[in-house]
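> sequence first, then the predicted structure:
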Amino acid sequence: MTSEILLNPGLLAEAPPVGGQATAAELPMHNDDVVSTLNYLIETCYDGEYGFRACIARTNAQNLKSVFEERMRDCASSAAELASEVVRLGGTPEDSGTVGGTVHRGWVAVRDMLTSDSDTDLAVLEECERGEDIALGRYRKALSEALPLEIQGIVARQMRGVQKNHDTIKMLRDGYKQQR
């Protein structure tokens, strides 16, 4: 085979790994690891749901309330979808957010108290965007793992939704900055 590789370098890509063993990225995840990854994403969804709920309470702008309510429902729907996958895999789904999410929601409240009324919506949008940045990072991390293909599809679709949330919040934030 070595002489074949020298004559046709394209065969190298088809050659099995040295020693006949698969690399870590090629190994399927253990079921418990898949459940753990999904539960972390469920916590992330709950963080988003709770965060958007907190933002609804901190804005008087009806257009923002509507956006936050829709995003809150998206997060709840995503958590429910992931929870059903955890159950299908024989695991127990998470039922609350992360400690970091709780701290983030607390920071939104503190920052809200420290801003003037005219800056409150901008501060809320900035914190929403920061929360969506965190969610995107968590989804990207999950997609870097060797999840089963059907679960990869779910996670990828949900990540596109998180990206849409992020882009919407960023656009609104930029609009509020321009109004200043």
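Received the coordinates, thanks. Numbers count the residues shown, from 1 in each chain.

> what stretches of this protein score poorly on pLDDT?
Along the chain, the model assigns pLDDT under 70 to residues 1-28, 96-119.

> middle-most residue in it, spatially?
Ala135 (3.4 Å; CA atoms, centre = their mean).

> so who does that residue touch?
Ala135 makes contacts with Thr44, Asp47, Gly48, Val162, Asn165, His166, as judged by CB atoms under 8 Å, 6 or more residues apart in numbering. In short, each C-beta sits where N, CA and C put it, glycine included.

> now the two most distant members of these.
Farthest apart among these by CB to CB are Asp47 and His166. That separation is 14.0 Å.

> neighbour count: those two, which is higher?
Asp47 (26 against 17; other CB atoms under 10 Å).

> relative to Glu129, how far out is the residue nearest to the centre of the chain?
11 Å (CB to CB, to the nearest Å).

> Asn60 now?
To Glu129, Asn60 is 19 Å away according to CB to CB.

> just want to know which of these two has more residues nearby.
In terms of neighbours (other CB under 10 Å), Glu129 is the more surrounded of Asn60 and Glu129; the figures are 20 against 9.

> name the SS class of the more buried one, please.
Judged by DSSP: H, G, I helix; E, B strand; the rest coil, the three-state class of Glu129 is helix.

> skipping adjacent residues, who's closest to it in space?
Distances taken as CB to CB, 6 or more residues apart in numbering put Ile169 closest to Glu129, at 4.8 Å, once the chain neighbours are dropped.

> ditto for Glu69
Per CB to CB, 6+ apart, closest to Glu69 is Ile56, 6.3 Å.

> what of Lys170?
Per CB to CB, 6+ apart, closest to Lys170 is Glu129, 5.5 Å.
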